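Enquirer: Quick one: sequence and predicted model below, then my questions.
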Amino acid sequence: MEFGLSLEQRQFDDSLREFLKDRLPMERLRALAEPGGGYDADLWNGLAELGLHGLIVPERFGGAGLGVLDAAVAAEGLGYAAAPVPFTGTTVMAPLAFMNSATEAQQDEYLPMVAAGEARIAVGFAGLAGQTGAASVTLDGTRLSGTVNGVMDAGAATHFLIYLRDGTAALVEADAPGLSTSLHRSLDRTRPLVDVAFNSSPAVVLAAANDKVAAARKVLDAGRVILAADMLGAAQTMLDRAVAFAKERVQFGRVIGSFQGVKYMLADCVTTLEPCRGMVWYAAHAQDAMPDEARLTACHAKAHVADVAREVARMTTETHGGMGFTDLLGLHYWFKRIGFNRQVLGGPERCREEAAELQGWRLDR
Amino acid sequence: MDLSLSEEYQALQAEIRAFIATQGHKSPKVGGGRKRPDQKTLDWQKTLLEHGYVGRTIPVEYGGAGKTPDVMEAAVIASEFTAANIYAGLTNQGVSMLVPTLLEVGTEEQKRAYVGPTIRGDIIWCQGYSEPGNGSDLANAQTKAELKDGFWVVNGQKIWTSSAHYADMMFLLCRTEPHRPKHEGLSYLLLSMNSPGIDRRPLKTMTGRSEFNEVFFTDVKVPESQIVVGRGKGWYVANVTLKHERSMIGNADKVTTRLEQLIKMLSATEVDGVPLIRQAEFRDRLLRLQGEVIAWKAHNLRLLTEAAQGIDSGVKRMIVKYGGTMLGFRLSSLAVDALGAVGLPFESAGEDAEDDDATTWNIDYMYDVGLMIGGGSNNIQKNIIGERGLDLPREPKVQTAATIGRG
């Protein structure tokens, strides 16, 4: 038994954090956040050098063949930096969709493109995910029609992969006939939401899974774990900054961190947030190696980390006093990043509802 | 990341499961606060000792099984007993605090005299630490002991002394060097609770039991050799003890068991013909707690791994008492709420009998509040987390007439 990160995982984590610290100083983050497209070619290509794009793509398709746990480690680092990168959808969910729902030939065609960073595939759900907003599509043979609103990680998508309610997935090129998109800068300026409409657009249909809904849910669950990891990283940044601020800021002749009112808020933050790290690792590892626990832990991780991160975001902002509320410190980028992650792919209430159904705890209505 | 158990631990697991299957019916009931072990408990403790499930790492010459310390073994044993809801052995202050302290710093004579009888449950200890004026500020203990004619003569008062009304012995923190700075003036003595001059007054608590006592000392004579380590070393010894107390906390098995009990209870309890687990408000609370329990279980695995690797977990360990007691209370609160009015008829069966389930839950629910206060209150834990864990500055010391000029 060894519950922790391997030396390789820690080294990867260190190099990713180093890279992001170097590439994303606050002024750079501000500049990228203003257009709000959630994508920067320099940053994206730079991450390729660290092997990020092919992280979970199997080695025979040119990837590193690693797992959701490795992706969760990366996601925590990206959340820590509030990196405007379409990581969850493009780097984790899309390859998993191919690994779970596609034929060998389809995998042969697309997974190498994902690993090379050439295909940036955004993943959307018409049903299943429990995200609010309109999402309704129909598939007529290989023609996709309908709309899916609020697709994440799609600001610079080359393809859209849409899961239908029955677990069939349809892959459509971004410049396909009949496809139109409108990009919304979101509350979280580091990642937008895209509404996409299809009108008889030509699609590659991924329907190779024996249990298509189960395959779709694997993709969804992994996405939820990654978002939880991202929230964990974002909340950790806010806590680290609040602790540093509390050691410097002087009021009434004392640094404010010596006041128990402040100290206790920060103690509450670390007491609730630190167990989230184990939870994220556990849920991520469950996606890789413990199928019986994969769904339950993914639902709970998304829900629980969202609730903890919200409180950490509030208390750490409060610790900064009025400055925390200003744009000047930029703390709000992480506050909003947590808010974004909470709502996409199903909020805590929806995730717990699924956890309940999974255990047969249906409400008597 | 590897959550599989290696073969040796799987073998241990299988061995314990077989043991529980054949012997488990002899186990006393789990939970419900602290009492003097009855004969059933003592017999069970003896059985556990014979199998090495308690006292496992204690050397054979002192009555243990003499195994090499192995946190994974300890974790496997704990989780198997918890999963089966079987009593895992005495966890009183003698077993969990004094015995490891003596093994670390006691004399050969002290180890031989006390370790074996304590782990068998023949000697019950109480801890003489807190005083009416010094709860959280332990180093300020004022109970004094003077050396006269080969005896320590103890005078003063302790309070919140768990189990003192039935304890045989006390480990006592007292002031022997009144002219030295407060941390250097303390000594750690071992004394019989039957010594003349000891007056124990049970302090009835909200659970209806007397879990605590006031203990008064009037010229109580303790043989000189009953000191641990030496004069003025009491604070050092007390910290050895505290280290062991802290390391015994951090067990996520308790919250896991409670969650499982809650799931059963909410499934089995109906109001208006509908099981509570199918009622939104109850189900939502259960789900939130399930998420928390998953998080703390994973956290515990992390601590366990670090302990096995000899890594000091720092703040990750410091949060366990505060976080764990709060979660424990939320779990017992839901149990009490699920019982509802059915849980209100409350007749504790007294110290020597097992309580019914509803009373046990209600006692646990109240006892959980005590756990937040005892062993370093949760606000003290938050100071520790903030100051030692996050390196935040301490609260400035209040300048009093006594401290001005001392800096």
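Expert: Here it is on my side, so go on. A quick note: this is a predicted structure, and the numbers were derived from the prediction, not measured.
Enquirer: biggest helix in the chain by residues?
Expert: All of this refers to chain A. Assignment by DSSP state H gives helix A:212-248 as the longest helix of chain A.
Enquirer: Hmm, no, I was thinking of chain B.
Expert: Longest helix in chain B, counting by DSSP H: helix B:280-308.
Enquirer: Under the pLDDT cut-off, which ranges of the stretch 251-365 of chain A? List them.
Expert: A:365 (pLDDT under 70).
Enquirer: is it true that B:Ala164 touches B:Gln157?
Expert: No: here B:Ala164 does not reach B:Gln157: they are 11.8 Å apart, not a contact under CB atoms under 8 Å. Just so you know, the C-beta spots here come from the backbone N, C-alpha and C atoms, and that holds for glycine as well.
Enquirer: Distance check, A:Ala97 against A:Asp211.
Expert: A:Ala97 sits at a distance of 14 Å from A:Asp211 (criterion: CB to CB, to the nearest Å).
Enquirer: I'd say B:Met193 and B:Cys126 touch.
Expert: Yes: in this structure, B:Met193 is within contact of B:Cys126 by CB under 8 Å, at 7.1 Å.
Enquirer: re the thing from before, need the overlap of contacts for B:Ala164 and B:Gln157.
Expert: The contact sets of B:Ala164 and B:Gln157 overlap at B:Val215 (CB atoms under 8 Å, 6 or more residues apart in numbering or on different chains).
Enquirer: Show me which residues of stretch B:37-52 are buried.
Expert: Within stretch B:37-52, the residues scored as buried using 16 or more other CB atoms under 10 Å in any protein chain shown are B:37, B:41-42, B:44-45, B:47-49, B:52.
Enquirer: hmm, who's touching it?
Expert: Stretch B:37-52 is contacted from outside by B:19, B:23, B:26-28, B:54-55, B:63-65, B:67, B:87-90, B:119-122, B:124, B:352, using CB under 8 Å, 6+ apart.
Enquirer: who's in contact with the nearest residue to B:Ala88 once chain neighbours are set aside?
Expert: Spatially, and ignoring its direct neighbours in sequence, B:Ala88 is nearest to B:Phe81 (3.8 Å; CB to CB, 6 or more residues apart in numbering or on different chains). Contacts for B:Phe81 (CB under 8 Å, 6+ apart) come out as B:16, B:20, B:53, B:87-88.
Enquirer: low-scoring pLDDT stretches of the stretch 151-300 of chain B, where are they?
Expert: Confidence mapping of the stretch 151-300 of chain B against pLDDT under 70 gives the ranges B:244-251.
Enquirer: how about the residues of it near chain A?
Expert: Proximity of the stretch 151-300 of chain B to chain A (CB under 8 Å from any CB of the partner chain) is limited to residues B:274-275, B:277-280, B:283-284, B:286-288, B:290-292, B:294-300.
Enquirer: Drop anything exposed from those.
Expert: Buried among those (16+ other CB under 10 Å): B:275, B:277-279, B:283, B:286-288, B:290-292, B:294-300.
Enquirer: sorry, back to before: the contacts of B:Phe81: which two are farthest apart?
Expert: B:Ile16 and B:Tyr87 (13.3 Å; CB to CB).
Enquirer: in the stretch 1-150 of chain B, which spans are strands?
Expert: Secondary structure of the stretch 1-150 of chain B, counting by DSSP state E, counting those that start in this stretch: strands at B:125-128, B:144-148.
Enquirer: what separates the helix or strand just after the longest one from the chain centre, distance-wise?
Expert: Beyond strand B:144-148 on the C-terminal side, the first helix or strand identified by DSSP states H and E is strand B:151-158. Computed by CA atoms, centre = their mean, to the nearest Å, the chain-centroid distance of strand B:151-158 equals 25 Å.
Enquirer: quick one, strand B:151-158 and strand B:144-148 angle?
Expert: If you take axes from the mean of the first three to the mean of the last three CA atoms, to 10 degrees, strand B:151-158 sits at 170 degrees to strand B:144-148.
Enquirer: all strands of the stretch 201-350 of chain A, in order?
Expert: With DSSP E, counting those that start in this stretch as the criterion, the stretch 201-350 of chain A has strands spanning A:204-206, A:250-251, A:254-255.
Enquirer: Mean neighbour count, those strands: which tops it?
Expert: strand A:204-206 (a mean of 21; mean count of other CB atoms under 10 Å in any protein chain shown).
Enquirer: Can you spell out which helices and strands pack onto that one?
Expert: In this structure, strand A:204-206 packs against helix A:94-101, strand A:169-173, with contacts taken as 3 or more CB pairs under 8 Å, 6 or more residues apart in numbering or on different chains; DSSP states H and E.
Enquirer: List the contacts of the last one.
Expert: This means strand A:169-173. Contact partners of strand A:169-173, identified using CB under 8 Å, 6+ apart, comprise A:97, A:101-102, A:110, A:121, A:137, A:139, A:144, A:158-164, A:179, A:198, A:201-207, A:216.
Enquirer: same thing but at 7 Å, please
Expert: The contact list for strand A:169-173 (CB atoms under 7 Å, 6 or more residues apart in numbering or on different chains) reads A:97, A:101, A:139, A:144, A:159-164, A:179, A:198, A:201, A:203-206.
Enquirer: try stretch A:6-14
Expert: A:70, A:73, A:77.
Enquirer: With only the CA atoms kept, save it in CSV.
Expert: Output in CSV follows, covering the C-alpha atoms of stretch A:6-14 (Å, rounded to 0.1, in the frame of the first residue of the first chain):
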residue,chain,number,x,y,z
SER,A,6,5.4,8.6,-7.3
LEU,A,7,8.7,10.3,-7.8
GLU,A,8,7.9,10.7,-11.5
GLN,A,9,4.6,12.3,-10.7
ARG,A,10,6.2,14.8,-8.3
GLN,A,11,8.9,15.7,-10.8
PHE,A,12,6.3,16.2,-13.5
ASP,A,13,4.3,18.4,-11.1
ASP,A,14,7.4,20.4,-10.2
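Enquirer: chain center to it, what's the gap?
Expert: That offset, for stretch A:6-14, works out to 20 Å (CA atoms, centre = their mean).
Enquirer: Can you check the pLDDT for residue 104?
Expert: No chain specified, so I'll use chain A. Confidence at A:Glu104, expressed as pLDDT, is 97.
Enquirer: switch to chain B, that's the one I care about
Expert: 94.
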